[in-house]
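K.L.:
What would the 3D arrangement of this be:
(one chain, ligands or ions: 1)
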Amino acid sequence: MFLNPFPQFIMFDLDNTLAVSKQPIDAEMASILANLMRRTRVGIISGGGLEQLEKQVAAQLPPHADMQRLYLQPTSGAALYTFDGMWKKKYEESLSDDEVRRIEDAIETAVQETGVVDTATPSYGERTESRGAEVVFSALGQQAPWEKKKLWDPEMKKRHLLQDALIHLLPGFEVKIGGSTSIDVTKRGVNKAFGVRKISELFDIAIGDMLYVGDQLSNGGNDEVVKETGIATHAVSGPDETKQFITNLLA
Ligand SMILES: [Mg+2]
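P.N.:
As a prediction, the model looks like this:
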């Protein structure tokens, strides 16, 4: 694969694009990303919080990696952090305490209305978590093992039911399917497309000079929304394909 000119910014989804759900990237991926960062700026966008992006990606990179070329967009692009000796916040679309409460109440109602979550069964950690700019509902709990999560909603039906219920209950907010068991709620208009536009604006990079890589670019997946910005996209099935893609790009 040869892209000419080489993208000035490559944005990656995290879960199941760079790493298996909530796991750190492996050493091979870390080395490939560090090589890519020699060539261009690299962004990571994910429904997870900053801590998760640091742990899953930044902390895994080799010491020679040029961290100033790494851009972290946690909470579905609701915030951006860049590195200058430490992670510094460039923007954050925070939810107020009142908004968080309204979202949490709506989640409770949606769970009851849809009946898709068995709340009588203990969860793996909290089911609802507020991450400043985002409230996340994880049907099995935040710490549920991947083996359980992948069996919960393989056809995305339960998540669609929850999403539809929440869209009705929460006009004025953005309700997105997050990971394999989760729903993410942010301010309206805050999603991965917003994240793409913010990078373009803040660093004066034309969207036409950017590239997005993700595993959920079709069928209502959580990367699909970026297409509305006109950004070039590359779909992968998982981390192995992403490694291959970057390696070919750099060849
Ligand atoms: Mg993904």
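K.L.:
count of neighbours near residue 23?
P.N.:
Per other Cβ atoms under 10 Å, the neighbour tally for residue 23 reads 14. Every residue, glycine included, has its C-beta placed from N, CA and C.
K.L.:
That one contacts residue 52, doesn't it?
P.N.:
No - using Cβ atoms under 8 Å, residue 23 is not in contact with residue 52; the gap is 10.7 Å.
K.L.:
Quick check: pLDDT value at residue 2.
P.N.:
Note for residue 2: predicted pLDDT of 48.
K.L.:
The residue in the stretch 151-251 of the chain positioned nearest to the ion: what's it in contact with?
P.N.:
Nearest to the ion in the stretch 151-251 of the chain, going by Cβ to the ion, is residue 215, at a distance of 4.5 Å. Contact analysis of residue 215 by Cβ atoms under 8 Å, 6 or more residues apart in numbering lists 13, 15, 16, 17, 221, 223, 235, 236, 237, 238.
K.L.:
ok, now residue 8?
P.N.:
By Cβ under 8 Å, 6+ apart, the residues touching residue 8 are 40, 41, 205, 206, 209, 210.
K.L.:
Phi, psi for it please.
P.N.:
Main-chain dihedrals, residue 8, degrees, to the nearest 10: phi -80, psi -20.
K.L.:
pLDDT below threshold where in this protein?
P.N.:
Filtered on pLDDT under 70, the chain yields the residue ranges 1-4.
K.L.:
what about stretch 72-81, start to end distance?
P.N.:
5 Å (Cα to Cα, to the nearest Å).
K.L.:
For the strand or helix carrying residue 72, which outside residues touch it?
P.N.:
Secondary structure assignment for residue 72, by DSSP states H and E: strand 70-73. Applying Cβ under 8 Å, 6+ apart, the contact partners of strand 70-73 are 9, 11, 37, 41-46, 50, 53-54, 57-58, 61, 79-83, 87, 195, 198-199.
K.L.:
ditto for stretch 121-131
P.N.:
49, 74-75, 95, 100, 104, 107, 117, 119, 135-145, 148.
K.L.:
Can you tell me which of those residues are classed as buried?
P.N.:
With neighbours counted by 16 or more other Cβ atoms under 10 Å, these contain buried members at 49, 74-75, 95, 100, 104, 107, 117, 135-142, 144.
K.L.:
Which parts of the stretch 51-200 of the chain are helices?
P.N.:
97-114, 146-152, 157-169, 192-203 (DSSP state H, counting those that start in this stretch).
K.L.:
Distance of residue 22 relative to the ion?
P.N.:
11 Å (Cβ to the ion, to the nearest Å).
K.L.:
and the closest residue to that residue other than its chain neighbours, backbone torsions?
P.N.:
The shortest distance from residue 22 to any non-neighbouring residue, by Cβ to Cβ, 6 or more residues apart in numbering, is to residue 15 (6.7 Å). In terms of degrees, to the nearest 10, the main-chain angles of residue 15 are phi -70, psi 120.
K.L.:
And for residue 15, the neighbour number?
P.N.:
A count of nearby residues for residue 15, using other Cβ under 10 Å, gives 23.
K.L.:
next one: residue 247
P.N.:
Number of residues near residue 247 (other Cβ under 10 Å) recorded here: 14.
K.L.:
and the helix or strand harbouring it, which residues are buried?
P.N.:
Taking DSSP H and E as the criterion, residue 247 maps to helix 239-250. Going by neighbour count (16+ other Cβ under 10 Å), the buried part of helix 239-250 is 239, 242, 243, 245, 246, 249.
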